[in-house]
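Undergrad: how would this look folded up:
(one chain, ligands or ions: 3)
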Amino acid sequence: MFCQVIIDIVHENVASPFTYRIPEGMQLQPGQRVSVPFGRLQKEGIVLSLTEQCELEANRIRNVIEPLEEYAAIPPELMNLAEEMAREAHCPLAETLRLMLPAQMRGGRVHVKTERTACLNVTREEALSAAEREKRSPKRAALLRFLADENIHTVKEITSLVKDPNEALKKLAADGMIRLESEEMLRTPGNVFEQPEDPGFTLTPGQEEALEEILPCLNGKGGRFLLHGVTGSGKTEVFMAAVRSALNYGRSAIILVPEIALTPQMVSWFRSRFGPVAAVIHSRLSPGERFDEWRRIRRGDARVVIGARSAVFSPARDLGLIVVDEEHESTYLNDHHPQYDAREVARKRCDRENATLVLASATPSILSFARARRGDYMLLEMPRRVMNRPLPEVEIIDMREELENGNRTVLSGALRKALKDCSARGEQAMLLMNRRGYNSFVSCRTCGYVVKCPNCDISMTYHMASTDGLLRCHYCGQMMKPPAICPECGGKYIRYFGAGTQKVEEEVHKLLPGVTTVRMDYDTTGGKDGHGRILEEFRSGRARVLIGTQMIAKGLDFPKVTLVGVVAADMTLNLPDYRSRERTFQLLTQVAGRAGRGERPGRVIIQTYKPEDPVIGYAAGQDYRSFFEDEFRRRRHGLYPPFTLLVRFLTESVSEDAALAAANRIEQGTRKMLEAHPEWQKKLLLISNDAPSVKVLRGKNRRHVLMKLLVSREADEMIAAMNELSREEYENAEVWFEVNPTTMM
Ligand SMILES: Nc1ncnc2c1ncn2[C@@H]1O[C@H](COP(=O)(O)OP(=O)(O)OP(=O)(O)O)[C@@H](O)[C@H]1O
Ligand SMILES: [Zn+2]
Ligand SMILES: [Zn+2]
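TA: Ligands and ions are numbered 1, 2, ... in the order given. Next comes the predicted model:
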């Protein structure tokens, strides 16, 4: 027998499989990891297929050294998926196969934790009577009696009862009285959150209706749904019930969340409701824990998996359901090699494995909603909050007027008053400020010089003295002392402009002395369980005001929050990206939706310099439909995705010339391609070669070639050709190729 093996090296030259002979007596199956000779080295690989015959000369074929596990690490469904993804992303199969395994497994650095066990090889009665007869060794007699008690079986437990039992155990094993074995132990990660009781709600009519559509699919051929329910409509209960039903049918389920650290509530709900059949894939698991969770899933012991985007590759047995919660989040996109969209992968898996896909959001992505309208997903709508709770009342504050009235602080009069009232009533508030730090930029009053990062073409942010009083670059982490005099003109008047979360927190302290606040942003959430601690501080009621970046907008459910303030709504709206309107709408609607989820009604205050912008109005009215229609029209008109595909080549080099030369070569290469394929020409709507909005990043000069392609069959071939182009060697420059890139910066 022979097998084709994909070597775990991502390189053009080793992209195709290599053939090895399977030595006599070795059993292998596709998906199994093996160790093979490769050149003068020994490498890991994955068995792709088995064959009886082989065309190569017998003496040129080498033997598989050994399987790395007894079982196929990658089940057949995932082998197929990896092949399809490699084809579509035009990348080596080794690259997509890596997605299917926990990183710790490659290179063999994890070990399976085992524990030695002892158990009787005879009946209890025989053991007890043998213990009577065991006059020569009281130790052996004691061991037999202990082992007759079924609760004791690990050697560790025995050691705590009988001193130095090893010799005696060996003798008993040699006599055939007992068996010594080793058992795989799994490290089940601890839970840092308290376990809530299952509340056992009676479902609302809206929830019932949605479930009535989903449930019949779970035991059959599957289905695809977009669950669009306003904030607080109870979408979580709907998919929890669906998960339970899938389990009842003996199938498993995967729940994807945008970022697991931000969903402690959901995680603890899952743990408390599904107990040990739930596996949580958390980025802060230790490598060993992660590997063990993966093995529990692979063995079918864990049948509900909850995790961020990479959990979509979990080897769940008999997959029945994949839920993508907050499906509009951009964290579902992986922009590193290989590029993938977890929502698309989920859809592929469901199709192949006859499973049901449920995408859930209060603000679906334009792409998903457009598909639902086309009938590709069944649209399930829940337009009302649970218990008919009202959606929050939203007020828009024009910050230009505040300025005219002499208010130069970050909080408007209305927001100040609302915060005071809320605090006086003993309720909680959340404030969104989508920038961390204290001041957003520092500049010279005399000449206008702005302090920028020496490595990046980006202004530095001032972080307050309580952290370190330094300027920081939010892109590369560079830090420096704020200048005392202007390096350009020598001027002495340095001004600090703009605001970040630290400044907002300071303003709140001034306004509400003695009130405890918590801040949640990149600076405060480092360390083990930074998010969990902050959320718990707020959930418990110890902190009254939560101030944070967009992290606080994601699906949190705090019933005591009655006020939400958006300090600067325009921040995301002004980004140079065709999705900035969509992102702003989602962010504002989501954060507004955090208010009034409990018994008391909520109020939202949105501060903006552009109150007339329709996006702000749609968000204020939680009017998804109008936003969608407007945005869809705009995308069609401006020829943006989903009507077109945006393709971007990004070149980076320490040398400005090399980055430019690479971009020019790409542009010329593309133009040549078009000459060779006249039928491609009308599919290409635009080709531009210029500097991106961030011209220098982490010390590298950047340049990008942007193209717009009409969605078509030709576009697929063009992308394949362009991908080839991007993988060529460029002198002194790196080239990144992306289709519909996550960021245009
Ligand atoms: N049938 C029900 N009866 C009473 N309360 C419910 C019911 N279903 C859900 N809830 C409660 O309503 C609140 C909102 O539910 P949930 O968090 O699932 O909303 P959601 O639709 O996911 O909202 P968002 O999109 O804003 O995250 C939660 O506190 C939840 O416990
Ligand atoms: Zn100056
Ligand atoms: Zn920088």
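
Undergrad: Dihedrals phi and psi, the residue nearest to residue 261 when sequence neighbours are not counted?
TA: Of all residues not flanking residue 261 in the chain, residue 531 sits nearest, at 4.1 Å (C-beta to C-beta, 6 or more residues apart in numbering). For the C-beta atoms, the positions are set from N, CA and C on the backbone; glycine is no exception. Main-chain dihedrals, residue 531, degrees, to the nearest 10: phi -60, psi -50.

Undergrad: Use 788 as the first number from now on
TA: With 788 as the first residue, the last one maps to residue 1318.

Undergrad: Give me every residue in this protein lying close to ligand 2.
TA: 1231, 1233, 1234, 1236, 1273, 1275, 1276, 1278 (C-beta under 5 Å from the ion).

Undergrad: from the residues you listed, which is closest to ligand 3?
TA: Taking C-beta to the ion as the measure, ligand 3 lies nearest residue 1236 of the residues of the chain next to ligand 2, at 17.2 Å.

Undergrad: give the contact list for the closest one.
TA: 1230, 1273, 1274, 1275, 1276 (C-beta atoms under 8 Å, 6 or more residues apart in numbering).

Undergrad: List, one by one, the residues from this structure near ligand 3.
TA: 1240, 1242, 1243, 1260, 1262, 1263, 1265.

Undergrad: and if we set it to 6 Å?
TA: Contact residues (C-beta under 6 Å from the ion) of the chain with ligand 3: 1240, 1242, 1243, 1245, 1260, 1262, 1263, 1265.

Undergrad: so where do the helices sit in the stretch 1088-1237 of the chain?
TA: Shown for the stretch 1088-1237 of the chain, the helices assigned by DSSP state H, counting those that start in this stretch span residues 1129-1139, 1153-1161, 1186-1191, 1200-1211.

Undergrad: can I get those in TSV with mean pLDDT?
TA: Formatted as TSV, the helices of the stretch 1088-1237 of the chain follow (pLDDT from 0 to 100):
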stretch	mean pLDDT
helix 1129-1139	96
helix 1153-1161	96
helix 1186-1191	91
helix 1200-1211	96
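
Undergrad: pLDDT weak spots in this protein?
TA: In the predicted model, the chain carries pLDDT under 70 at residues 799-801, 894, 896-901, 937-939, 969-986, 1252-1255, 1315.

Undergrad: quick one, domains of this structure?
TA: 789-895, 901-971, 992-1173, 1180-1225+1286-1421, 1431-1526 (automatic domain parsing).

Undergrad: Nearest to residue 1269 among these would be which one?
TA: With C-beta to C-beta as the criterion, residue 1269 lies closest to domain 1180-1225+1286-1421 of these, at 10.7 Å.

Undergrad: ends of the closest one, how far apart?
TA: Start-to-end span of domain 1180-1225+1286-1421 (C-alpha to C-alpha, to the nearest Å) is 28 Å.

Undergrad: what sits up against stretch 856-870?
TA: Counting by C-beta under 8 Å, 6+ apart, residues outside stretch 856-870 touching it are 816-820, 833-835, 880, 883-884, 886-888, 892, 1085, 1100, 1102, 1106, 1132, 1135-1136, 1139-1140.

Undergrad: Is residue 832 bridged to anything, and to what?
TA: residue 794, residue 821 (DSSP bridges).

Undergrad: who touches it in this structure?
TA: 792, 793, 794, 795, 805, 820, 821, 822, 823, 825.

Undergrad: Closest to ligand 2 out of those?
TA: Nearest member of the contacts of residue 832 to ligand 2, counting by C-beta to the ion, is residue 795, at 54.8 Å.

Undergrad: if we can go back for a sec, among the contacts of residue 1236, which one lies nearest to residue 1203?
TA: residue 1230 (27.8 Å).

Undergrad: Tally up the residues packed near the closest one, please.
TA: By other C-beta atoms under 10 Å, the residues close to residue 1230 number 20.

Undergrad: What of residue 1119?
TA: Neighbour tally, residue 1119, other C-beta under 10 Å: 25.

Undergrad: wait, doesn't it sit right on residue 1097?
TA: No: distance between residue 1119 and residue 1097: 10.4 Å, which falls outside the contact criterion (C-beta atoms under 8 Å).

Undergrad: Overlap of the contact sets of the two?
TA: residue 1129.

Undergrad: Tell me, how many residues neighbour the residue in the stretch 1288-1437 of the chain positioned nearest to ligand 3?
TA: Nearest residue of the stretch 1288-1437 of the chain to ligand 3 (C-beta to the ion) works out as residue 1309 at 14.4 Å. By the criterion of other C-beta under 10 Å, residue 1309 has 14 neighbours.

Undergrad: mind listing what it touches?
TA: Counted by C-beta under 8 Å, 6+ apart, residue 1309 has contacts 1223, 1336.

Undergrad: Verify the assumption that it is located in a helix.
TA: No: under DSSP: H, G, I helix; E, B strand; the rest coil, residue 1309 sits outside any helix and is assigned coil.

Undergrad: before we move on, the earlier item: among the helices of the stretch 1088-1237 of the chain, which is the most enclosed?
TA: Burial of the helices of the stretch 1088-1237 of the chain is given as mean neighbour count (mean count of other C-beta atoms under 10 Å); helix 1129-1139 ranks first at a mean of 20.

Undergrad: who touches that helix?
TA: 864, 867-868, 871-872, 1009, 1011, 1041, 1043, 1096-1097, 1099-1100, 1106, 1109, 1111, 1114, 1119-1121, 1142-1144, 1146, 1155.

Undergrad: Check stretch 822-831 too.
TA: For stretch 822-831, using C-beta under 8 Å, 6+ apart, the contacting residues are 792, 794-796, 805, 807, 820-821, 832, 849-855, 893-895.

Undergrad: Can you go through those residues and name the buried ones?
TA: Neighbour counting with 16 or more other C-beta atoms under 10 Å marks 792, 794, 795, 796, 805, 807, 820, 821, 832, 851, 854, 855 as buried within the contacts of stretch 822-831.

Undergrad: how about those residues, which pair is most distant?
TA: 796 and 854 (19.0 Å).

Undergrad: before we move on, the earlier item: could you restrict the contacts of stretch 822-831 to the ones contacting ligand 1?
TA: Here nothing survives when the contacts of stretch 822-831 are matched to ligand 1 using C-beta under 6 Å from any ligand atom.

Undergrad: Return the subset of those lying in strands.
TA: Those of those mapping onto strands are 792, 794, 805, 807, 820, 821, 832, 849, 850, 853, 854, per DSSP state E.

Undergrad: ok, now which ones touch the fifth one?
TA: Pointing back at residue 820 there. 831, 832, 833, 834, 854, 855, 856, 860, 888, 892.

Undergrad: picking up where we left off before, whichever of the residues of the chain next to ligand 2 end up buried, select them in ChimeraX.
TA: To isolate the buried ones among the residues of the chain next to ligand 2 in ChimeraX, judged by 16+ other C-beta under 10 Å, type:
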select :1231,1236,1273
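
Undergrad: Show me which residues of this protein sit near ligand 1.
TA: So the chain meets ligand 1 at 988-991, 994, 1016, 1018-1024, 1149, 1173-1174, 1342, 1344, 1346, 1380, 1384 (C-beta under 6 Å from any ligand atom).

Undergrad: Among those residues, name the buried ones.
TA: Counted by 16+ other C-beta under 10 Å, the residues of the chain next to ligand 1 give 991, 994, 1016, 1018-1024, 1149, 1173, 1342, 1380, 1384 as buried.

Undergrad: May I ask which two of these are separated the most?
TA: 991 and 1342 (18.5 Å).

Undergrad: For the stretch 838-987 of the chain, just list every one of the strands.
TA: 849-850, 853-854, 901-907, 965-971 (DSSP state E, counting those that start in this stretch).

Undergrad: for the stretch 1138-1287 of the chain, same thing?
TA: 1143-1148, 1165-1169, 1180-1185, 1215-1219, 1228-1231, 1248-1249, 1258-1259, 1266-1267, 1281-1284.
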